[in-house]
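Colleague: Here you go, sequence then predicted model.
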Amino acid sequence: MSDPVTTGPHTTGPHTTGPDTTGSVMAGSRTTDSAMADIERDLLIVGAGPVGLYAAYYAGFRGLSAAVVDSLPEIGGQVTAMYPEKPIYDVAGFPAVKGRDLVAGLLEQARRFAPAFVLGQRAQTLEKDAAGVFTVTTDAGTRIRCRAVVISGGIGTFTPRPLPAGEGWLGRGLSYFVPSLEAHAGQDVVVVGGGDSACDWALSLEPIARSVTLVHRRAAFRAHEHSVARLRASAVEMITEAQVTAVHGDRTVESVEITGPGGRMTRPAQAVIAALGFTANLGPIRQWGLEVVGNRYLAVDTTMATSVPGVFAAGDITDYRGKVRLISVGFGEAATAVNNAAVLINPEEQLFPGHSTDSVPAVA
Ligand SMILES: Cc1cc2nc3c(=O)[nH]c(=O)nc-3n(C[C@H](O)[C@H](O)[C@H](O)COP(=O)(O)OP(=O)(O)OC[C@H]3O[C@@H](n4cnc5c(N)ncnc54)[C@H](O)[C@@H]3O)c2cc1C
């Protein structure tokens, strides 16, 4: 089988929007033939959340080739899925950084070393052969061979809660994310949900879209009060105690039917954003023979090694005495995990990587 990553950009499939990951991305379609392929890298990073993205940079800095797999079609983990528009105040060096901008910066930093991204595919099984080489196979059949693995799987595999009336419309106007606000310029957008993401997206799209309608099945919102107050003062049409009961269109979405206490109504829509939340669980990683803590976390030592030699972990997924689940902590763990993986892969290497100020970026 050919290596789809090294033979050039693979941008087919539905998941190529958002931050520019072309040139190093294998598209996350579960149905294209290109998904059935072998990839060989020094290091596989499971999870493209902030910690996995930083691990990808760090792998490159250590001279390791890396692949990053994520079950979501977009990079950024919890930040992209739950709070892309929120300012984050506790990432070192940034007095305030919007979630979306942090993810874009992490990608830019990692891309200097051209990691291969395998998006929209869940890492399903882990095997180790007699020579110590790992093979991780995804649910789409992609096999990734590597010398070490860093699991930065956060709170586990995210599955977006589906919009029942939206079945069959995903990728044809219906989405679970807003990877690019500008893509909705001039559109009629219907956002469904009552949490922070739904409200943040409605607010962010309001100045860009032609119209924004927010549909929520309850009267009260779960979102931050300040966001709800801003929504009420905005041009966003808020339809509460109502549900999207049908999606209409030919090839792509053209309108939605909304049913509430006042009966049925129709709104034009070229985009429907279902922000109904996500379910998350450790999923298949639980079967990888690693020591699991409390059914949710992976036990690691001070080198970020799990109980299986060659498999490291970093970020929200790790557990040890005193663990704090924050992005800044995960960044440090990623550096520790990758430096230790570098020594495991090549015992001649030093654990200390040297200072980045002394290095020259590999790829412009
Ligand atoms: C609303 C909210 C606000 C927050 N605010 C802050 C804040 O202000 N400051 C702060 O430091 N932290 C904050 N956090 C926490 C922060 O987002 C997390 O600590 C951080 O996202 C952890 O990063 P991670 O990369 O370890 O995991 P995640 O961001 O969870 O990413 C893990 C990725 O792994 C993928 N994955 C899991 N299993 C598999 C598999 N088997 N195959 C393929 N992919 C897989 C998932 O799809 C996911 O994309 C906040 C969290 C939330 C929900």
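Modeller: That came through, no problem. These numbers were taken from a predicted model, which means no experiment stands behind them. Numbering: from 1, shown residues only.

Colleague: So residue 168, which state does it fall into?
Modeller: coil (DSSP: H, G, I helix; E, B strand; the rest coil).

Colleague: If you tally nearby residues, what's the number for it?
Modeller: 9 (other Cβ atoms under 10 Å). Just so you know, the C-beta spots here come from the backbone N, C-alpha and C atoms, and that holds for glycine as well.

Colleague: ok, now which ones touch it?
Modeller: By Cβ atoms under 8 Å, 6 or more residues apart in numbering, the contact set of residue 168 is empty.

Colleague: so how far is the ligand from it?
Modeller: According to Cβ to the nearest ligand atom, to the nearest Å, residue 168 stands 23 Å off from the ligand.

Colleague: where does that residue land on pLDDT?
Modeller: What the model reports as pLDDT for residue 168 is 94.

Colleague: What of residue 237?
Modeller: At residue 237, pLDDT is 97.

Colleague: ok, so what distance separates it from residue 61?
Modeller: 48 Å (Cβ to Cβ, to the nearest Å).

Colleague: what do you get for residue 319?
Modeller: Separation of residue 319 from residue 61 (Cβ to Cβ): 26 Å.

Colleague: In terms of neighbours, single out the busier of these two.
Modeller: More crowded of residue 319 and residue 61, by other Cβ under 10 Å: residue 61, with 22 against 17.

Colleague: For residue 227, which non-adjacent residue is closest in space?
Modeller: Sequence neighbours aside, residue 199 is the residue nearest to residue 227 in space, at 4.3 Å (criterion: Cβ to Cβ, 6 or more residues apart in numbering).

Colleague: same question but for residue 154, I mixed them up
Modeller: Nearest residue to residue 154, sequence neighbours excluded (Cβ to Cβ, 6+ apart): residue 316, at 4.4 Å.

Colleague: got the phi/psi numbers for the one you found?
Modeller: Phi and psi for residue 316, reported as degrees, to the nearest 10, are phi -60, psi -20.

Colleague: contacting residues for it?
Modeller: Applying Cβ under 8 Å, 6+ apart to residue 316 gives the contacts 49, 51, 78, 154, 155, 325, 330.

Colleague: Buried members of those into ChimeraX, please.
Modeller: In ChimeraX syntax, the buried subset of the contacts of residue 316 is picked out as below (16 or more other Cβ atoms under 10 Å):
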select :49,51,78,154,155,330
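
Colleague: Roughly how far does residue 111 sit from residue 307?
Modeller: Residue 111 is 32 Å from residue 307, by Cβ to Cβ.

Colleague: More neighbours: which of the two?
Modeller: residue 111 (21 against 14).

Colleague: How confident was the prediction at the more buried one?
Modeller: At residue 111, pLDDT is 96.

Colleague: any idea how far it lies from the ligand?
Modeller: 17 Å.

Colleague: ok, now residue 357?
Modeller: In terms of Cβ to the nearest ligand atom, residue 357 sits 25 Å off from the ligand.

Colleague: try residue 313
Modeller: In terms of Cβ to the nearest ligand atom, residue 313 sits 9 Å off from the ligand.

Colleague: my read: that residue touches residue 303, true?
Modeller: No - the criterion here is Cβ atoms under 8 Å, and residue 313 misses it with residue 303 at 10.6 Å.

Colleague: which one of these two has more residues nearby?
Modeller: Neighbours were counted for residue 313 and for residue 303 using other Cβ under 10 Å; residue 313 has more, 28 against 14.

Colleague: strand partners of whichever strand or helix holds residue 244, parallel vs antiparallel please.
Modeller: Per DSSP states H and E, residue 244 falls inside strand 243-249. Sheet pairing here is set by DSSP bridges, and for strand 243-249 it gives strand 253-260 (antiparallel).

Colleague: Residue numbers of the stretch 201-350 of the chain in contact with the ligand?
Modeller: 283, 284, 285, 315, 316, 325, 326, 327, 328, 330 (Cβ under 6 Å from any ligand atom).

Colleague: what's near enough to touch residue 269?
Modeller: 173, 187, 188, 189, 190, 213, 247, 253, 254, 255, 256.

Colleague: do you know how far it is from residue 170?
Modeller: Residue 269 is 14 Å from residue 170, by Cβ to Cβ.

Colleague: Need the nearest residue in space to the residue in the stretch 201-350 of the chain positioned nearest to the ligand, chain neighbours excluded.
Modeller: Residue of the stretch 201-350 of the chain nearest the ligand, by Cβ to the nearest ligand atom: residue 315 (2.2 Å). Nearest residue to residue 315, sequence neighbours excluded (Cβ to Cβ, 6+ apart): residue 51, at 3.2 Å.

Colleague: Assumed that neighbour was part of a helix.
Modeller: Yes - checked against three-state DSSP, residue 51 lies within a helix.

Colleague: any idea how far residue 116 is from it?
Modeller: As judged by Cβ to Cβ, residue 51 and residue 116 stand 18 Å apart.

Colleague: which residues touch the residue in the stretch 101-250 of the chain that the ligand sits nearest to?
Modeller: Across the stretch 101-250 of the chain, no residue is closer to the ligand than residue 154, which sits at 1.9 Å (Cβ to the nearest ligand atom). Residues near residue 154 by Cβ under 8 Å, 6+ apart: 47, 49, 51, 77, 78, 280, 315, 316, 317.

Colleague: and those, which two are the farthest apart?
Modeller: 51 and 280 (15.0 Å; Cβ to Cβ).

Colleague: Restricted to buried residues, select the residues of the stretch 201-350 of the chain next to the ligand in ChimeraX.
Modeller: Here is the ChimeraX selection string for the buried members of those, based on 16+ other Cβ under 10 Å:
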select :283,284,285,315,316,327,330
